[in-house]
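Participant: Provide a 3D model corresponding to the input given below.
(2 chains)
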Amino acid sequence: MEHNIWIYLLVMAAVSYLIRMAPLALIRKEITNKYLRSFLFYVPYATLAVMTFPAIMEATQTPAAGLCALIAGIVLAWKGCSLFQVAVLCCAVAFLVELLPVF
Amino acid sequence: MTQENKICFQHGMRDGSPIALGYFAVAFTLGIAARNAGLSAIQALIASILNNASAGEYAGFALIAAGSSYVETAIMTLVVNARYLLMSCALSQKLKADTPLRHRMAVAYDVTDEIFGICVAQPGYLNPWYAYGAIVVAIPGWALGTFFGVIMGNVLPTRVVSALSVGLYGMFLAIIIPPARKNRVIAGVVAVGFAASYIVNRLPLFDGLSTGIKTIALTVALALLAAILFPTDSYSDKEEVH
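Facilitator: You can find the predicted model right below:
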């Protein structure tokens, strides 16, 4: 059967949007259950941490560059650098480490 | 637009700019995958405007290339993007209860790892205009990145693309580290998250699971454990922090 790329794109778009829209549209009230509230409070930190490591070491050509960028990012964010500063300096660190012949 | 909304919109644009740069780099590589799957630059552009999901789009393009069924594509998109369901649930608690449906539906358009990240990092309730500000700068970066990825293929040096792709992770760190410094439970969640993620991604035992499934399972397990061991009321005292 010949498939149409536009239908694929439509299917992908519809599913992606519904997943995001349903909770926002349906959960109108503030959740009062202490455990559920706590769970949702911790979700962002858990998910962002899980997505960052070890993925950052696979984003660069050498794992060392990603690891150095990770350490630099943690230190800079800890010191209170802004979102933009941390992002740009991580890129710079990764770029410089990849220039080093040792890795 | 009220004065307050205008300021929130501008702040959103400011925080969305580094996201746009990172998106451009990531989307560029996504564009190369789209071209390999047989999409035109316009089709890839529209796919990115409508999906806003790196892993979801990668998976979709792979299925298109393989000539899979539409049902399979729908299920795969659901699985790979399921973490957005969790993020939207969390985000629903950042919106004031009386936020109108049209704003809820509009914010939902671009719940991505990054936009979600900066939105939850806002003190107090989220003003939807902050999200819109971030979205209007981030989406062009994402969509145009995919477009040029298809057209220009491998023109940018690999070194530059790989360095730029680290920027997104730098942003994640800028979001999770400052609260981790103030709250020891969050610090614990982050540290255990790094370790658990490393183990799950390196052990051959879990090779059969997709990245999306691993992310969801670890997120749910970690957040659940933290909620049971350290229930918190941080949502309500969030405003006192700033």
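Participant: For stretch B:65-83, what is the distance to the chain centroid?
Facilitator: Remark: stretch B:65-83 is offset 18 Å from the chain centroid, using Cα atoms, centre = their mean, to the nearest Å.
Participant: And the contacts of that stretch?
Facilitator: Stretch B:65-83 is contacted by residues A:3, A:7-8, A:11-12, A:14-16, A:19, A:47, B:36-38, B:53, B:55-56, B:59-60, B:63-64, B:113, B:210-213, B:215-216, B:219 when judged by Cβ atoms under 8 Å, 6 or more residues apart in numbering or on different chains. The C-beta positions use only the backbone N, C-alpha and C, and glycine is treated the same way.
Participant: again, 6 Å this time
Facilitator: For stretch B:65-83, contacts defined as Cβ atoms under 6 Å, 6 or more residues apart in numbering or on different chains pick out A:8, A:11-12, A:15-16, A:19, B:37, B:53, B:55-56, B:59, B:63, B:212, B:215-216.
Participant: Looking at the residues you listed, which one is closest to residue B:95?
Facilitator: Closest to residue B:95 out of the contacts of stretch B:65-83 is residue A:19 (17.2 Å), distances taken as Cβ to Cβ.
Participant: Okay, that closest one and chain B: tell me how far apart.
Facilitator: 5 Å (Cβ to the nearest Cβ, to the nearest Å).
Participant: show me what contacts that residue?
Facilitator: With Cβ under 6 Å, 6+ apart, residue A:19 has these contacts: B:81, B:84-85.
Participant: what's downstream of the host helix or strand of it, the next helix or strand?
Facilitator: Element membership for residue A:19 (DSSP states H and E) is helix A:5-26. As assigned by DSSP H and E, the chain's next helix or strand after helix A:5-26 is helix A:34-52.
Participant: what about that next one, average pLDDT?
Facilitator: The average pLDDT within helix A:34-52 is 87.
Participant: How far off centre is that helix?
Facilitator: Distance, centroid of helix A:34-52 to centroid of chain: 13 Å (Cα atoms, centre = their mean).
Participant: Now look at that helix and say if it contacts chain B.
Facilitator: Yes - Helix A:34-52 lies within reach of chain B by Cβ under 6 Å from any Cβ of the partner chain, at A:34-35, A:37-50, A:52.
Participant: thinking again about what came up before, I'd like the contacts of residue A:19 written out as a markdown table, with neighbour count, secondary structure and pLDDT added.
Facilitator: Formatted as a markdown table, the contacts of residue A:19 follow (neighbours: other Cβ atoms under 10 Å in any protein chain shown; DSSP: H, G, I helix; E, B strand; the rest coil; pLDDT from 0 to 100):
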| residue | neighbour count | secondary structure | pLDDT |
| --- | --- | --- | --- |
| B:81 | 29 | coil | 83 |
| B:84 | 24 | helix | 89 |
| B:85 | 16 | helix | 88 |
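Participant: which one of those sits closest to residue B:6?
Facilitator: For the contacts of residue A:19, the closest approach to residue B:6 (Cβ to Cβ) belongs to residue B:84, at 28.2 Å.
Participant: and residue B:107, what pLDDT?
Facilitator: pLDDT, residue B:107: 95.
Participant: can you check the one 5 residues further on too?
Facilitator: Here the pLDDT value assigned to residue B:112 is 91.
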